[in-house]
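Novice: Fold the following and give me the result.
(2 chains)
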2 protein chains.
Amino acid sequence: MRLSQSLFVTLREDPAEAEIPSHKLLLRAGYIRRIGSGIYAYLPLMWRVLQKVSRIVREEMDATGAQECLLPQIQPAELWQESGRWDTYTEAEGIMFSLQDRQGREVGLGPTHEEVITAVARDMIRSYRQLPLHLYQLQTKFRDEIRPRFGLMRGREFIMKDGYSFHVDADSLKETYQAMDGAYRNMLQRCGLRFRAVEADSGAIGGSGSQEFMVLAEAGEDEILYTDDGSYAANVEKAVSQPPEAQPSGFKTYEKRETPKTDTIEKLRQHLDCSATQIVKNVLYQVTYDSGTTVLVLVSLRGDQDVNEVKLQNELTQQAENYESKTVLSLEVPDAAAQAKWASKTLPLGYLGPDLADDCIQSAKTIAPKFLRLVDPTAVDLKDFVTGANESGFHVVGANWGEQLTLPKNVVDLRKATAGDQSLHDSKQILQTARGIEIGHIFQLGTKYSQAMGATYTNEQGEEMPLVMGCYGVGVSRLAQSAVEQSYDKDGIIWPVAIAPYHAIVVIPNLNDEAQVEAAEKLYQQLNQAGIETILDDRKERAGVKFKDADLIGIPYRIVTGRALKQGKVEVVQRATHDSQELDLDQVVPTLQQWLEAST
Amino acid sequence: MRLSQSLFVTLREDPAEAEIPSHKLLLRAGYIRRIGSGIYAYLPLMWRVLQKVSRIVREEMDATGAQECLLPQIQPAELWQESGRWDTYTEAEGIMFSLQDRQGREVGLGPTHEEVITAVARDMIRSYRQLPLHLYQLQTKFRDEIRPRFGLMRGREFIMKDGYSFHVDADSLKETYQAMDGAYRNMLQRCGLRFRAVEADSGAIGGSGSQEFMVLAEAGEDEILYTDDGSYAANVEKAVSQPPEAQPSGFKTYEKRETPKTDTIEKLRQHLDCSATQIVKNVLYQVTYDSGTTVLVLVSLRGDQDVNEVKLQNELTQQAENYESKTVLSLEVPDAAAQAKWASKTLPLGYLGPDLADDCIQSAKTIAPKFLRLVDPTAVDLKDFVTGANESGFHVVGANWGEQLTLPKNVVDLRKATAGDQSLHDSKQILQTARGIEIGHIFQLGTKYSQAMGATYTNEQGEEMPLVMGCYGVGVSRLAQSAVEQSYDKDGIIWPVAIAPYHAIVVIPNLNDEAQVEAAEKLYQQLNQAGIETILDDRKERAGVKFKDADLIGIPYRIVTGRALKQGKVEVVQRATHDSQELDLDQVVPTLQQWLEAST
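Specialist: Residues are numbered from 1 along each chain as shown, chains lettered A, B, ... in the order given. All right, here's what the predicted structure looks like:
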C-alpha cells in the first residue's frame, strides 16, 4: 500500500470522545471513525487487523472440526418468544434493538444466536448419527447498550465469532467444551495477548458452567480474582473464597441495646467495640418479577462481607417460578418512595433484624409484596452475634439462631469474594486481583434452549431426547482493541506482529532525493514479493511527520532509506523496542523474514 | 469434510415456498434454510460458495487499487436527512428498516452506504493530493422488500460488495468507472457466469450514468434489449430505440366522429380501419409529491407505443421543484374514487384528448390538482391524426398540432422501447429481448451526495470543491444463486468449478467393504493435500442415495470407490456432462488437477 494513495489521516490531538488509551490511539492513528453513539467505521488499516484476527479464529475453529456458516442478523420475535427471552432482551434489559417490519411483524437485531441456531437444528437434526455437530459464524452483532463507551470495547455494533455445538449428552458436550478451551487459548496466544481464563457467571445466556477469557489490562471493566499458583481464577461476579475467620463474640448474654447513630457496620462496630465479624448484617432489596409480582428480599450475612448482586440475581431467577415468573425485571435497594407503597412506617434501615417483622409490611397499601429471607453461610455459623433490633437506634447483642431468631430456610452463597481471601480449594493460596477485558466466553448450555424450543434427536434406543448444547463466543473487534490496550507507548500503538495491519513500513525521508526514492521503491517491491506485507510512505510530508506517523500506527518494522544509503545501507527500526540498526540493502528481506518467523 | 460429521440434510421434495429452480435446489440440497420472510441461514456449503465469490470479488477490487473497509450497518437518521433520502427510504418507499434506539434516536439499517461514506470522506479528505480514492466493503445489507421472493434473489437481508470512489473531477471518475466495468466483467467471467452489461436507469441512487451487469436467465426479473452485434444493450427501463415508421394518415379533414365502444386503441383502430400509428393516445396519471401536492399528468404518445413508467417517474422527479417537492411518492392511473375528489364528472377515459379541458377538473372539490401535459416525440411528428374528443364515445380525426390542438410544451422521451424496434444507433440492428438477473450496478454519482452533505476538497488552486463520486455494487448472495439458475439439470445443481463449495466428492458405495473404505480414505487425504477441496461421503446410506445427493449438491467431480477397485481403478464422473471414466488410483489426483486448471 502506498500511503499517498490511501485514506490515511492521523490526528495530533487526543479526540475528546475517547477515555482510554486504546480508544484514543485507534482514533488518532486513523484506524476507526465514530459514525454514531457506539458505532464505528473500520477504516482500511483496522479492517486488515480484524481480518487477521478473524483468520486466526477461523483456523483454530476449523482445526476442531467446527463448520462455518452465516445466520441472519434479523431475527423473528417468535423464536425469542419460544425461548422466553423476547421480553427480557427487548424490554426488561432492552439490550436487543427491535422493530416492526412493513407487515407489522416484530423482529430483533441479533445480539446472539441461540434461538436461530436451535431453530435450524430442530429442522435439520433427526438422529444421534448426526451428532456431535458444531457450527460457528463471524458476524456483526448488535446491542443497544445503555452506555456505549471505550470505542470498540463496548460498542452497539461489533464483530463476534459465535459457535454452537449439539450433543447427545453432557459428556460429549464437555469434550467439545474442553476443545474450545484449548482453541481459545491458542487464538489468544497466537494474537500475542496476555490473558487469563476464569470461571464466570453464565448470565442471561444460561446453562450450567461457563468460562471467560480475560485480556489483562488496567482499563478492563471486569475484576478477576486468582491465585498465584494458577489453581483458581474467576470473575469476581462468580468467585468463591474462604472468608476470614470470625472472632469469637464477647456478648454472652442476649439483650437489646440502645445504639444511637449506628446505621452502618463501621459505626456499630466502633460503638460496641466489637469486630464486624461478630455482626449479622441484613440488607433489604425490592425485586420486581416479569409477572408484576414485587418481592421484598432480606439478605443476612456477616457484617464484614458484602452482597454479590450477580449471585443474588441468579438465586432470585432460580426462585422465579415460586412467583409464577420467569425473570427478574429489577433489583434495587428500596428508597422511601418505594417503602411508602408497602410499609406501614418508614423502615428502620440500618437497624433491620433478620426477623424483620411482618407487621412492618402493611398489606393494605398499594402493593402487597411477598417476603423472602436469604442467609449467607457466613452468617449461619455465627454465635452470640450482634444484629438489628428492627427499631431505629437499637441493636440486639448475644443473639443466636434457634433461640431468639429463626434461621431462614434458604441458605445460599451470596457473598462477594475479595482480594486477600483464602482460596476455597487451598487455604495457603491468597486471592489476588487484576482487571480484565472479557473477550471470550464459553458456555455449557445443556438443554435450556432445546427444551424450550423442542429441538430433539432420536437416540440409539429410538427415544426422542432434547439436544444438549454448548455455545462459544469471541469478541473479534474487542479483541483487536484490547491488543492495543495491552501494547502501546507514548509514541503510539505497538501491534503484536501476528495481527499488525502490515509487517513493515518503508519511509522515504526526502522525496526529492532520487536515490532514496529508487531504493525505497525497490525494497517495497521486494518485501511484498517475499510475503512481507509492506507500506510505502511516499507522501509529500517532512521526514519527522513520517516517523511520528509510523510510530503512531504501530507497524512492527520501519525501514528508512536515509543517509546510510550512500554506504548501501538502510536504517531498520523495531517499533516495540525502538532498537535501530543499519542493514545492507540485500539483507533487509532475509532479516525481516527471520524476525517474522521468530515472532509468530 | 466428512459428510458423516456435517450438517448435511437433503430433501427429496421441492419445498412449497420455492418458485424458481435455483431456490428449490438450494433448499433441497441443504445450502440454505428460511428463518423468516426473505431471511435465510447460509449453511456450511453455501457459506463456502459465498466465500469463494467474495474472494474473487476482493481480488478484482484489490487489483484496481481499491481498499477494503467496513462501515456500520446501523446508520443515524441525521446522515440520511442531510442527503434528503430519509423520508423516501423510510416512508415513501419504506425500503429501509428503521427504529428508535433506547435514547429515542432514529436509526436505519443500511440498504446502501452513500451517506456514511460521504460523512467519512467529509471528515478525512482535505486535499486533491488524497484523490482519487476508492473504498469498498463486503457486508450484509437490509431492505424491507414489499415482496421478498425467490430465495436469495430478492431477500430482506443479503450480502453486497459496495464501493465508493472520490475524485477531483468527472474525468477521473470516468477512469475509475471504466476500471470497475473491467473488474466487474472479470469477476463474472471468473465466477463462470453468462452475462451482459447494459445501460441502466440510476433510480433512487441518482447520478448521471450507470450500467448494470445482468446474469442471463429465464427467471430474471429484468428485461434486457440488445442488438446481436453487441453495439447496444440496455435495461428495458432505460432503453431507447427507433420506433417503426408511422403510416401516412388517410384523414385529410378534421372532424369529430362518433366511435362507440372504442375505449382501447385496438378497438378504435378496427372501428376506423386505420393504423395505430395514426392515433395519438393520451394516458392520464395521478401523481402525489412528497410536499402533498397532487398533479394530474397527461402523457400523449403514438397509439402503437406504451408509456415507460420509469422514464415518466424520472421526468416527474425532474419537475418536482416546480411543485416545491423533492420526490414522487406515488404514480397511478386514477380510478373513479380518485377522480371523484377532483373531477366534476367521471372522465371519459378511453376518449381523452391531448387538450383534456380544464373544465373537467373541478377545483371546488377536495383536491385542486395541478395539471401537467407531456408529449412523446412519436406523437409530435404525426399529422392528420386521430385522437380522443374528451367525450365518451367520440374521437376526432384529421387533427394537427398547431391547428385544432396545441402541442404541449414538454416534449420528453417517454416511450417503452420493445423487441423488434430498430437500434437508435444503427437502424440495421434490430433489438432482441432477454431476461436477466441484475447482480451488479455501477454509477457515476457526480456531486449529488457531496454537495448535499458538504463533502469538499481543496484543489491545486486552493479552491474548495465538492468531491466527485462514483459507486459500484455487486450482489454477492444473489450472484451465487444466479449461478445455480444458469446451471442445473433434472438431477440438481451444476456449480461452475470456480465457486463450487468443493471440487470433488469421494463416495464409498458400501461402508462394509474395507477395501472401498481404505481406498476412499486415502484418496480423500491425497486430494485435499493436493489442494483439491474434497468431501468424503462416509454416511451409512445406500449407494443410490449417495449418488443422488452428490448430483443434487452439484460438486464438479465425483469419485466412486466401487467395483473397479479390484482392478486398481475408481470411477470418476463429471457432474456437468455425466461423463464417466475409470482411472487408475494414482491417476486421480493428477487428472483432477489438470481438469481444475483447465476449468478456472
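Novice: and residue A:456, how many neighbours?
Specialist: Counted with other CB atoms under 10 Å in any protein chain shown, the neighbours of residue A:456 add up to 18. Every residue, glycine included, has its C-beta placed from N, CA and C.
Novice: Over to the one 5 residues further on?
Specialist: The local packing count at residue A:461 equals 7, with neighbours defined by other CB under 10 Å.
Novice: With residue A:149 instead?
Specialist: By other CB under 10 Å, 16 other residues sit near residue A:149.
Novice: Need the nearest residue in space to it, chain neighbours excluded.
Specialist: Counting by CB to CB, 6 or more residues apart in numbering or on different chains, residue A:149 lies nearest to residue A:19, which is 6.7 Å off, once chain neighbours are set aside.
Novice: so that neighbour makes contact with residue A:150?
Specialist: Yes: between residue A:19 and residue A:150 there is a contact under CB atoms under 8 Å: 6.3 Å.
Novice: of those two, who's got more company?
Specialist: Each of residue A:19 and residue A:150 has its neighbours counted (other CB under 10 Å); residue A:150 has more, 20 against 13.
Novice: so the more buried one touches residue A:158, yeah?
Specialist: No: counting by CB under 8 Å, residue A:150 stays clear of residue A:158, with 11.5 Å between them.
Novice: Ramachandran coordinates for the nearest residue to residue A:403 once chain neighbours are set aside?
Specialist: Distance criterion CB to CB, 6+ apart; nearest residue to residue A:403, sequence neighbours excluded, is residue A:254 at 7.2 Å. Taking degrees, to the nearest 10, you get phi -80, psi 130 for the backbone angles of residue A:254.
Novice: With chain B as the reference, measure out to residue A:254.
Specialist: According to CB to the nearest CB, to the nearest Å, residue A:254 stands 52 Å off from chain B.
Novice: Kindly report the same for residue A:317.
Specialist: Applying CB to the nearest CB to residue A:317 and chain B gives a distance of 23 Å.
Novice: so for the helix or strand harbouring that residue, what's the average pLDDT?
Specialist: Using DSSP states H and E, residue A:317 maps to helix A:309-319. The pLDDT scores in helix A:309-319 average 92.
Novice: Only the buried residues of the helix or strand following that helix, if you could.
Specialist: Once helix A:309-319 ends, the next helix or strand along the chain (criterion: DSSP H and E) is strand A:328-332. Buried residues in strand A:328-332, counting neighbours by 16 or more other CB atoms under 10 Å in any protein chain shown, are found at A:328-329.
Novice: now strand A:328-332 and helix A:309-319, what's the angle there?
Specialist: Relative orientation of strand A:328-332 and helix A:309-319, computed by axes from the mean of the first three to the mean of the last three CA atoms, to 10 degrees: 140 degrees.
Novice: count of residues packed around residue A:596?
Specialist: Neighbour number of residue A:596 under other CB under 10 Å is 19.
Novice: Can you name the residue of the stretch 501-600 of chain A nearest to chain B?
Specialist: Per CB to the nearest CB, residue A:540 is where the stretch 501-600 of chain A lies closest to chain B, at 6.9 Å.
Novice: Give me the neighbour count for that residue.
Specialist: Neighbourhood size, residue A:540 [other CB under 10 Å]: 8.
Novice: Surely it touches residue B:129?
Specialist: Yes: between residue A:540 and residue B:129 there is a contact under CB under 8 Å: 6.9 Å.
Novice: What parts of the stretch 401-550 of chain A come near chain B?
Specialist: Taking CB under 8 Å from any CB of the partner chain, the part of the stretch 401-550 of chain A that reaches chain B is made up of residue A:540.
Novice: intersection of neighbour lists for residue A:540 and residue B:129?
Specialist: residue A:4 (CB atoms under 8 Å, 6 or more residues apart in numbering or on different chains).
Novice: now the strands: where do they sit in the stretch 101-250 of chain A?
Specialist: Along the stretch 101-250 of chain A, counting by DSSP state E, counting those that start in this stretch, strands occupy A:106-109, A:133-142, A:157-167, A:195-199, A:209-216, A:222-226, A:233-235.
Novice: oh sorry, the question was meant for the stretch 501-600 of chain A
Specialist: Ranges of strands in the stretch 501-600 of chain A, per DSSP E, counting those that start in this stretch, are A:504-507, A:534-537, A:557-560, A:569-574, A:580-584.
Novice: so which of these is the most packed in?
Specialist: strand A:504-507 (a mean of 27; mean count of other CB atoms under 10 Å in any protein chain shown).
Novice: Report all helices and strands that it contacts.
Specialist: Contacts defined by 3 or more CB pairs under 8 Å, 6 or more residues apart in numbering or on different chains; DSSP states H and E place strand A:504-507 against helix A:514-529, strand A:534-537, helix A:543-553, strand A:557-560.
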